[in-house]
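Visitor: Sequence and computational prediction follow.
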Amino acid sequence: METWQIELLKIGGTALIAFFGGLGSYWLYLRKRKIENAPDREKLQEAEELTTLLIQHRKHNISPIELWEFKEKMLSRNSKDELEWRRKEEILEAEEEFFAKVWYGRHKLLESMVESGKEKVAAEIWQKALKAAKRIEEKYGKEQLGSWDDFEWGMLSGKLSTLRWVSGEKWDMLDT
């Protein structure tokens, strides 16, 4: 075999190896892409359940309209199943409670500022505020009036705002 023939075989062999190596890499790339874009397991399970359901319906000659009517009958609420609306008195009572709790929390903040000397309040007004705080403590109990974290403050404020909105106020009316 001549030298040029040996060189040609080397080049050809290298070319074949590169070709099949590249083809293998491309195949792995496509496989990986197919796996990454595959629907998740829950969707596949849901599709399987729907397929089983469809096969059962066809087997028993149930039309899509019959299935729809059955579904509506079984899953829709009728008037006796509807949730009862809250009574106006119940809404106003809840609004009063959350008003008191928000006011009390703000009062306690002011109280700490007054005690530290950062704020001053007229003596007559301060005595009335202390009496009001005492009434709230007696009504709801100190354990229900604790110091709240940001999340709990947000919940209290959101509840008060919502109850006021239902009662006819504008959203975010949080005056106490």
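Guide: That came through fine. Numbering: from 1, shown residues only.
Visitor: what residue ranges in this structure score low on pLDDT?
Guide: 1, 4, 8-10, 12-13, 15-16, 18-24, 26-41, 75-83, 176 (pLDDT under 70).
Visitor: if we go to 90?
Guide: 1-88, 109, 119, 123, 141-150, 152-154, 157, 164-176 (pLDDT under 90).
Visitor: And the helices in it?
Guide: With DSSP state H as the criterion, the chain has helices at 3-36, 41-59, 64-75, 88-115, 123-140, 150-166.
Visitor: Kindly reformat the ones you listed as JSON lines containing distance to Asp172 and mean neighbour count.
Guide: For glycine as for every other residue, the C-beta is placed from the backbone atoms N, C-alpha and C. Shown next, in JSON lines, are those (distance: least, CB to CB, whole Å; neighbours: other CB atoms under 10 Å):
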{"stretch": "helix 3-36", "distance to Asp172": "44", "mean neighbour count": "10"}
{"stretch": "helix 41-59", "distance to Asp172": "38", "mean neighbour count": "10"}
{"stretch": "helix 64-75", "distance to Asp172": "36", "mean neighbour count": "10"}
{"stretch": "helix 88-115", "distance to Asp172": "13", "mean neighbour count": "15"}
{"stretch": "helix 123-140", "distance to Asp172": "23", "mean neighbour count": "12"}
{"stretch": "helix 150-166", "distance to Asp172": "5", "mean neighbour count": "15"}
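Visitor: Pipe these into a markdown table and attach distance to Met173 per row.
Guide: Formatted as a markdown table, the helices of the chain follow (distance: least, CB to CB, whole Å):
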| stretch | distance to Met173 |
| --- | --- |
| helix 3-36 | 50 |
| helix 41-59 | 42 |
| helix 64-75 | 38 |
| helix 88-115 | 10 |
| helix 123-140 | 20 |
| helix 150-166 | 5 |
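Visitor: so who does Thr51 touch?
Guide: For Thr51, no residue meets the contact criterion (CB atoms under 8 Å, 6 or more residues apart in numbering).
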